[in-house]
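here is the input, now give the coordinates:
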Amino acid sequence: MSASPGSRRASIIGTGLIGGSIGLGLRASGWHVTGHDTDRQVADEALALGAIDALGLDPHAEITFVAVPVRVAAEAVRHALAETTGVVTDVGSVKAPLMAEIDDPRFVGGHPMAGSEQLGVEGSTADMFRGAVWVLTPVEATDPQHFATVGAIARGLGADVVSLPPERHDALVAVV
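Residues are numbered from 1 along each chain as shown. This is a model prediction of the structure:
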């Protein structure tokens, strides 16, 4: 399915619980969402459940969300930056190492403080982020416009956006 003229476009790498919830939330607001997962069965499930409109990575997406395990996040972020033209953000729970590794003005580190006892895309909900805190972790290289874009989209998903330095985020999350 192709994007309708004028619709906003997003991509998601990692179509599990968080990626699927982002997709459902964006689609509920009229976005065209493509998704990719290293496990084709998970991606197919996300498509069948309506979390994404189409499989793949949209090179012209306004934003790409990287929703993969922390250990492979840097590789996925680099891939998104190389294959797309829009802003790239992630949803990982550890920020400082990733932010130190990815020095690109199009990348805005993020961490939605939300989840579920459910696992996988089957547990995804369009309102998962409503009332949740979504931490953004800008660094010196972060472009202010891209930061504003990610913040506005997170707020559009119902989240309360907070900005923290990556190291402060990690220290606070470690305490929690």
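
give me the residue at the spatial middle of the chain.
Taking Cα atoms, centre = their mean, the centroid of the chain lies closest to residue 65, which sits 2.7 Å from it.

so that one makes contact with residue 91?
Yes. Residue 65 is in contact with residue 91 according to Cβ atoms under 8 Å; the separation is 6.5 Å. All C-beta atoms are positioned from the backbone trio N, CA, C, and that covers glycine.

thinking again about what came up before, for the residue nearest to the centre of the chain, what are its contacts?
10, 11, 12, 13, 14, 19, 22, 89, 90, 91 (Cβ atoms under 8 Å, 6 or more residues apart in numbering).

what bridges to it?
Beta bridges link residue 65 to residue 12, residue 89 when assigned by DSSP bridges.

quick one, grab the pLDDT at it.
Per-residue confidence at residue 65 stands at 98 (pLDDT).

poorly predicted segments of the chain, please.
Flagging of the chain using pLDDT under 70 yields the residue ranges 1-6.

now the strands for it?
Taking DSSP state E to define them, one finds strands in the chain at 9-13, 32-36, 54-55, 63-66, 87-90, 107-112, 133-137, 160-163.

what does the first one contact?
Contacting residues not belonging to strand 9-13 are listed as 3, 19, 22-23, 26, 31-37, 52, 56-58, 60-68, 76, 79-80, 84, 153 [Cβ under 8 Å, 6+ apart].

equivalent analysis for the last one, please.
The contact list for strand 160-163 (Cβ under 8 Å, 6+ apart) reads 131, 132, 133, 134, 135, 136, 137, 138, 147, 151, 154, 155.

okay, buried residues for that strand please.
Using 16 or more other Cβ atoms under 10 Å as the burial criterion, the residues of strand 160-163 that qualify are residue 161.

neighbouring strands of it in the sheet, and parallel or not?
strand 133-137 (parallel).
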